[in-house]
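*Asks:* Return a 3D structure for these sequence lines:
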Amino acid sequence: LELLIKKCGLRRFHLYGQSFGSILAFEYLKRLAERSDDSRNETECLSVIFSSGPSDVDQVEGVAGDLISKLMEEDNDESTIMERFRKRHQCQTEHKPQPLSDAYDHAGKPGIWRGTDSIKGWKAEKPIDSASRMPSALVMRGENDFVSDVCIQGWKQGFNHKFVRIKVLEGCSHHGLLEQPTVYGETVDSFFSEYD
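*Replies:* Residues are numbered from 1 along each chain as shown. All right, here's what the predicted structure looks like:
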């Protein structure tokens, strides 16, 4: 991420992380804040949004597992459980949107990372005391998201300030952008505009 930001020549920017992309964004911001050399002054992240990003990987894995177990209690048909999970907790559209289908079709292919094995045990932890202030944050999730309210509360303790807002998008699940693009876009635009 740092190399990409440098390659693009970004000096001042807003950062957005969706799902596990929130972990990547957080780790980048935390490491930037903890630097004591002049390189941390080369770029400035004005604000950050974490969309459906869990603050604790093991916790969200447990929540998702519990939701799947409940679906199995309703109907034990294994061939439909994951589709019912998608429609309730991932993307509440009748059919999987093409961008989501494309992403899942390419996930797990050679060279493309998939799964949580490499981040198992990860949990948001506040930067060291001498770190510079991290940017203000908005943490969003859908009301039916498998990234439940308990899965995002840890973000409040992960930042070294109290400027972390929580926003629940009504009628959405994990991919609110694909379910209610107008409301989602207005929420993102409104927050980022505050920090321009």
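*Asks:* Note down every partner strand of whichever strand or helix holds residue 46 and its orientation.
*Replies:* In the assignment (DSSP states H and E), residue 46 maps to strand 44-51. Next to strand 44-51 in the sheet, as set by DSSP bridges, lie strand 12-18 (parallel), strand 136-142 (parallel).
*Asks:* Just the CA trace of that strand, in PDB.
*Replies:* Only the C-alpha atoms of strand 44-51 are listed here, as PDB (Å, rounded to 0.1, in the frame of the first residue of the first chain):
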ATOM      1  CA  GLU A  44      -0.900  12.900   4.900                       C
ATOM      2  CA  CYS A  45      -4.000  10.800   5.200                       C
ATOM      3  CA  LEU A  46      -6.800  13.200   5.900                       C
ATOM      4  CA  SER A  47      -9.400  10.700   7.000                       C
ATOM      5  CA  VAL A  48     -10.200   7.000   6.800                       C
ATOM      6  CA  ILE A  49     -13.300   4.900   6.300                       C
ATOM      7  CA  PHE A  50     -13.500   1.200   7.300                       C
ATOM      8  CA  SER A  51     -16.400  -0.400   5.600                       C
END
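*Asks:* In TSV, list the strands paired with strand 44-51 along with mean pLDDT.
*Replies:* Below are the strands paired with strand 44-51 laid out as TSV (pLDDT from 0 to 100):
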stretch	mean pLDDT
strand 12-18	97
strand 136-142	98
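*Asks:* Could you identify which of those is most buried?
*Replies:* Stretch with highest mean neighbour count among the strands paired with strand 44-51: strand 136-142 (a mean of 24; mean count of other Cβ atoms under 10 Å). Placement of C-beta: from N, CA and C, glycine included.
*Asks:* Report the next helix or strand after it in sequence order.
*Replies:* helix 149-152.
*Asks:* show me where the protein has helices.
*Replies:* 2-7, 21-34, 57-74, 78-85, 98-106, 149-152, 155-158, 176-179, 181-194 (DSSP state H).
*Asks:* in this protein, which ranges drop under the pLDDT threshold?
*Replies:* Residues of the chain that meet the criterion pLDDT under 70 lie in 38-41, 108-115.
*Asks:* give me the number of residues near residue 23?
*Replies:* 20 (other Cβ atoms under 10 Å).
*Asks:* Can you verify my assumption that it contacts residue 121?
*Replies:* No - using Cβ atoms under 8 Å, residue 23 makes no contact with residue 121, being 11.9 Å away.
*Asks:* Give me the common contacts of those two.
*Replies:* Between them, residue 23 and residue 121 share these contacting residues under Cβ atoms under 8 Å, 6 or more residues apart in numbering: residue 57.
*Asks:* how about the nearest residue to residue 61 once chain neighbours are set aside, what does it touch?
*Replies:* Sequence neighbours aside, residue 116 is the residue nearest to residue 61 in space, at 6.4 Å (criterion: Cβ to Cβ, 6 or more residues apart in numbering). Shown in contact with residue 116 (Cβ under 8 Å, 6+ apart): 20, 57, 61.
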